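Chemist: Attaching a predicted model along with its sequence, questions to come.
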Amino acid sequence: MEKDTSFLLTGIKFNKKRFAGDFSRFKKRKQRNDDGPVDDLSYFKREDTEAEKVVVSVNKKRKRKTKAERVEGFSVFKGSDSVPVVTDERSEQEENNQKELNRQNERDLRLRKKYGIHVSGNNVPSPLQSFAELSTRYGCESYLLHNLVKLGFKEPTPIQRQAIPVLLSGRECFAKAPTGSGKTLAFVYPMLMKLKFYMQQPSKDGIRTVILCHTRELAAQTTRECKKMAKGSKFRIKLMTKELLRNTDFTKLPCDILISTPRRLQLCICKKKKKIDLSRVEYLVLDESDKLFERSLLEQTDSVVKACSNPSIIRSLFSATLPGFVEDVARTVMHDAVRVIVGDKNAASESIKQKLIFAGSEEGKLLALHQSFAESLNPPMLIFVQSIERAEELYGELKFDSIRVGVIHSNLSQEQRESVIDDFRAGKTWVLIATDVLGRGMDFKGVKCVINYDFPDCAASYIHRIGRSGRAGRIGEAITFYTEHDIPYLRNIANVMTASGCEVPSWLLDMPKKKWKKHCPRRESISTKPKDQEE
Ligand SMILES: Nc1ncnc2c1ncn2[C@@H]1O[C@H](COP(=O)(O)OP(=O)(O)OP(=O)(O)O)[C@@H](O)[C@H]1O
């Protein structure tokens, strides 16, 4: 039965004779749909012309190509597969556009291959060929480009080439790139570019960006880097300090970028009065994201992520290590994200020469350390131990030697920690003994050598610790002492070494694999005193 559509034409006098041609076309379509219900959606479909069929098939090929680009087995970051629907007739212009698009895709693939960039996700934006493209493609303000020049950065690093366009195109980003490869700039710079529109009239919308860092030291360092990159702008960049936490009415805090540890920010969220409002945050960065999602920080991180409730928020997760559980978390919080992986998944930075030394016993470690100082002390140097107690013990052993040594761990006050770091940065101390509190994220430019005095507790911790050297393309050295306790886990380190291009003796690779849970064995105390003289 024909549906009565006459109400659509009420009040219109229709000259059927004059528009007979058009009228007959409508009639034909009606007839065709007499077979089925008129309100079927197919009523609105029209037959593809031959030209359109060609375009559609080109689009299908494009669609397949985009999918092939994804890293296999990774389906988290699926989203809008927004291949444009071509409805108009194909013109010469469109054909040229398609050719240009294909050329662009090929250029992107070549560039990614050259820099070891792997991407997954839909319609991933083209990587940057140079920093100049920030201006030509994205209209970056000149003061920001000048800041890059002042910082001496000539070329983007691989992670910057890909992550910056992803964030600038308003996509969420899940990124893994080697230690010391410039991830901080990769997430700070696009933020500064996106926030630019408010520069003339600072926003009164409260906090617009949050960067979470796992330690106060890293938060302080990131704040400093942000300020360097934003120099010349009016951005209000704030570090969440103890004082700010205690004395601030957060309902009135003018702030564009807030950098904090999850613990301090959680305290502000839970405050009874004058508490912080994060519901308007536009950008949330979880730096060292795998650490932030570890059990010790998970609850605090989670409450910050929840408090940043703006539905159009752009979140990004950055780290040099990317275990499966972080991807699982990403699945639950991110939407239409792009995943960017630079280099091998389980590798350390390739510019670090890695060595394993069998020290036999605790005594043997101390001897080996003294020997390496005597042969070639190559400061500045970092020495990692597994506990606060052992850090103090080793400091006690070395402080009377003729080398300038410092120690840092979480039992020191904030002021003491800051002063130790300042001394190390200024070259007043040459050797810094540290627990894992300094194992991640810290950028001491000149560190030439890292010694793992105590074997690290997991592969990720190994990668981050040794990554304190060999930063920004410099050459570094990493020496790891091991004793009988550590032998079952040697194979895991050997795997990292192989993945980062280091030569590893074949006997090491023949060792059985052992699933690595937190390895923190009881070790004899560090002491040169004969046992009967120890207190
Ligand atoms: N494009 C660039 N060219 C040269 N140096 C750069 C560039 N971008 C960043 N750097 C420098 O590289 C060093 C390492 O950067 P950053 O601390 O961001 O590394 P990262 O990838 O976050 O390392 P980690 O994983 O250890 O935290 C810094 O000293 C930074 O100033």
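Modeler: That came through, no problem.
Chemist: Who are the packing partners of the helix ranked longest in the chain?
Modeler: Identified as the longest helix of the chain according to DSSP state H is helix 92-114. Under the contact criterion of 3 or more CB pairs under 8 Å, 6 or more residues apart in numbering; DSSP states H and E, helix 92-114 touches helix 50-69, strand 117-120. Backbone N, C-alpha and C define where each C-beta goes, glycine included.
Chemist: from the middle of its chain, how far away would the last one be?
Modeler: What that stands for is strand 117-120. In terms of CA atoms, centre = their mean, to the nearest Å, the centre of strand 117-120 is found 13 Å from the chain centre.
Chemist: Check this structure and tell me which residue is nearest its centre.
Modeler: Phe318 (1.6 Å; CA atoms, centre = their mean).
Chemist: Hmm, Lys291 and that residue touching each other?
Modeler: No: Phe318 sits out of contact with Lys291 when judged by CB atoms under 8 Å, with a separation of 11.0 Å.
Chemist: I figured Leu508 hits Ala494, correct?
Modeler: Yes: Leu508 lies in contact with Ala494 (CB under 8 Å); the separation is 4.2 Å.
Chemist: Overlap of the contact sets of those two?
Modeler: Applying CB atoms under 8 Å, 6 or more residues apart in numbering, one finds that Leu508 and Ala494 are jointly contacted by Leu356.
Chemist: Confirm that Arg161 sits in a strand.
Modeler: No: using DSSP: H, G, I helix; E, B strand; the rest coil, the assignment for Arg161 is helix, not a strand.
Chemist: any idea how far it is from Asn346?
Modeler: Applying CB to CB, to the nearest Å, the value for Arg161 to Asn346 is 22 Å.
Chemist: mind checking how far the residue in the stretch 201-350 of the chain that the ligand sits nearest to is from His464?
Modeler: Closest approach between the stretch 201-350 of the chain and the ligand, counting by CB to the nearest ligand atom: Ala320, at 3.9 Å. Note on Ala320: its distance to His464, by CB to CB, is 6 Å.
Chemist: joint contacts of the two?
Modeler: Common neighbours of Ala320 and His464 (CB under 8 Å, 6+ apart) are Thr179.
Chemist: contacting residues for the residue nearest to Ser260 when sequence neighbours are not counted?
Modeler: Spatial nearest neighbour of Ser260, chain neighbours left out: Met240 (3.4 Å); criterion: CB to CB, 6 or more residues apart in numbering. Met240 makes contacts with Ala219, Leu258, Ile259, Ser260, Thr261, Arg264, Leu265, Cys268, as judged by CB under 8 Å, 6+ apart.
Chemist: Now go through those residues and say which are in strands.
Modeler: Among those, the ones falling in strands (DSSP state E) are Leu258, Ile259, Ser260.
Chemist: Mind putting those into TSV with neighbour count, pLDDT and distance to Glu282?
Modeler: Shown next, in TSV, are the ones in strands among the contacts of Met240 (neighbours: other CB atoms under 10 Å; pLDDT from 0 to 100; distance: CB to CB, whole Å):
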residue	neighbour count	pLDDT	distance to Glu282
Leu258	27	97	12
Ile259	26	98	15
Ser260	26	98	16
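Chemist: Tell me which stretches of the stretch 351-500 of the chain form strands.
Modeler: With DSSP state E, counting those that start in this stretch as the definition, the stretch 351-500 of the chain shows strands at residue ranges 352-360, 381-384, 405-408, 431-434, 449-452, 476-483.
Chemist: Looking at Leu508 and Ala494, which has the bigger crowd around it?
Modeler: Shown here are Leu508 and Ala494; by other CB atoms under 10 Å, Ala494 has more neighbours (22 against 15).
Chemist: residues touching that one, list them.
Modeler: Applying CB under 8 Å, 6+ apart to Ala494 gives the contacts Leu356, Val504, Leu508, Leu509, Met511.
Chemist: Got the phi and psi for the third one?
Modeler: Main-chain torsions, Leu508, degrees, to the nearest 10: phi -70, psi -40.
Chemist: what's near enough to touch Thr429?
Modeler: Listed by CB under 8 Å, 6+ apart, the contact partners of Thr429 are Pro380, Arg404, Val405, Gly406, Val420, Asp423.
Chemist: Any idea what the residue nearest to the centre of the chain is bridged to?
Modeler: In this structure, Phe318 bridges to Ala175, Asp287 when assessed by DSSP bridges.
Chemist: how near is it to Cys520?
Modeler: Distance from Phe318 to Cys520, by CB to CB: 27 Å.
Chemist: So what's the residue count around the residue lying closest to the residue of the stretch 201-350 of the chain closest to the ligand once chain neighbours are set aside?
Modeler: In space, Ala320 comes closest to Thr179 once its chain neighbours are excluded; the distance is 4.6 Å by CB to CB, 6+ apart. Number of residues near Thr179 (other CB under 10 Å) recorded here: 25.
Chemist: Assess the claim that Thr179 and Ile463 are in contact.
Modeler: Yes: Thr179 is within contact range of Ile463, at 6.7 Å (criterion: CB under 8 Å).
Chemist: per-residue confidence averaged over the helix or strand where Arg315 lies?
Modeler: Arg315 belongs to strand 314-319 when assigned by DSSP states H and E. Regarding strand 314-319, the rounded mean pLDDT is 96.
Chemist: Packing partners of the helix or strand following it?
Modeler: Sequence-wise, the next helix or strand downstream of strand 314-319 (DSSP H and E) is helix 324-333. Contact here means 3+ CB pairs under 8 Å, 6+ apart; on that basis helix 324-333 packs against helix 289-292, strand 314-319.
Chemist: Convert helix 324-333 to CSV, retaining C-alpha atoms only.
Modeler: The C-alpha trace of helix 324-333 is given here as CSV (Å, rounded to 0.1, in the frame of the first residue of the first chain):
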residue,chain,number,x,y,z
GLY,A,324,50.4,-6.0,29.4
PHE,A,325,48.6,-4.8,32.5
VAL,A,326,49.0,-1.2,31.5
GLU,A,327,47.4,-1.9,28.2
ASP,A,328,44.5,-3.6,30.0
VAL,A,329,44.1,-0.4,32.1
ALA,A,330,44.3,1.7,28.9
ARG,A,331,41.5,-0.4,27.5
THR,A,332,39.2,0.7,30.3
VAL,A,333,40.0,4.4,30.3
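Chemist: Would you point out the helix or strand in this protein whose mean pLDDT is lowest?
Modeler: Using mean pLDDT, DSSP states H and E, the weakest-scoring helix or strand in the chain turns out to be helix 50-69, at a mean of 37.
Chemist: Now a ChimeraX select for only the buried ones of the contacts of Ala494.
Modeler: Of the contacts of Ala494, the buried ones go into a single ChimeraX selection, burial set by 16 or more other CB atoms under 10 Å:
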select :356,504
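Chemist: Take the contacts of Ala494 and lay them out in JSON lines including pLDDT.
Modeler: Below are the contacts of Ala494 laid out as JSON lines (pLDDT from 0 to 100):
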{"residue": "Leu356", "pLDDT": "94"}
{"residue": "Val504", "pLDDT": "91"}
{"residue": "Leu508", "pLDDT": "88"}
{"residue": "Leu509", "pLDDT": "88"}
{"residue": "Met511", "pLDDT": "87"}
